[in-house]
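Q: Got a predicted structure plus its sequence, pasted below:
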Amino acid sequence: MPRWKALPEELDPQIREFTSQLRRLVDRSELSVASVADATGYSKTSWERYLNGRLLAPKGAIVALAEVTETNPVHLTTMWELAERAWSRSEMRHDMTMEAIRISQARAALGELGTPAARSGGAAAKSGHGGRTGKGSRTGR
């Protein structure tokens, strides 16, 4: 049985490379995940999440791992910074997707309730000027 689970397919390439580097460090040290946890002060569960690409390790954990594995932390922290940016972008995309889903669900729920706007097809919104006409409109008509 392999030591590591396959990394999630949707993982950003920078995060994948960083996680793979962490795995190589742990493998070269010949430490178990439990031993890494004991030596770094971060829980075994946390390290399993970091090493399986489910959670980005905090910078402190990376510095602690570098110390435990007697690795120069400069390269590792640079890789962490790149992975952290990618992780943030990924979270932003996820947040935007979830927001779009919630908006779509809210619109569907409003349509199902048979609100006047939903029944009339939202004529004011469709006209592009919120129902305003004449000289007071934004278009200057």
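A: That came in fine, so what should we check first?
Q: In three-state terms, label Trp4 for me.
A: Secondary structure, DSSP: H, G, I helix; E, B strand; the rest coil: Trp4 is coil.
Q: hang on, it packs against Leu51?
A: Yes - the criterion here is Cβ atoms under 8 Å, and Trp4 meets it with Leu51 at 6.7 Å. Backbone N, C-alpha and C define where each C-beta goes, glycine included.
Q: okay, and the common contacts of those two?
A: Residues touching both Trp4 and Leu51 by Cβ atoms under 8 Å, 6 or more residues apart in numbering: Arg23.
Q: neighbour count winner among those two?
A: Neighbour tally, Trp4 and Leu51, criterion other Cβ atoms under 10 Å: the higher count belongs to Leu51, 22 against 15.
Q: Name the helix or strand for Ser35, please.
A: Assigning secondary structure by DSSP states H and E places Ser35 in helix 33-40.
Q: Output the helix or strand that that helix is followed by as PDB, restricted to C-alpha atoms.
A: Sequence order places helix 44-51 as the next helix or strand after helix 33-40, per DSSP H and E. This file holds the C-alpha atoms of helix 44-51, laid out as PDB (Å, rounded to 0.1, in the frame of the first residue of the first chain):
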ATOM      1  CA  LYS A  44      -1.200  14.500  13.200                       C
ATOM      2  CA  THR A  45      -4.600  15.200  11.700                       C
ATOM      3  CA  SER A  46      -3.400  18.600  10.500                       C
ATOM      4  CA  TRP A  47      -0.300  17.100   8.900                       C
ATOM      5  CA  GLU A  48      -2.400  14.500   7.200                       C
ATOM      6  CA  ARG A  49      -4.500  17.300   5.700                       C
ATOM      7  CA  TYR A  50      -1.400  19.300   4.700                       C
ATOM      8  CA  LEU A  51       0.200  16.200   3.100                       C
END
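Q: show me where this structure has helices.
A: In the chain, the helices defined using DSSP state H lie at 13-29, 33-40, 44-51, 59-68, 73-113, 116-120, 123-126.
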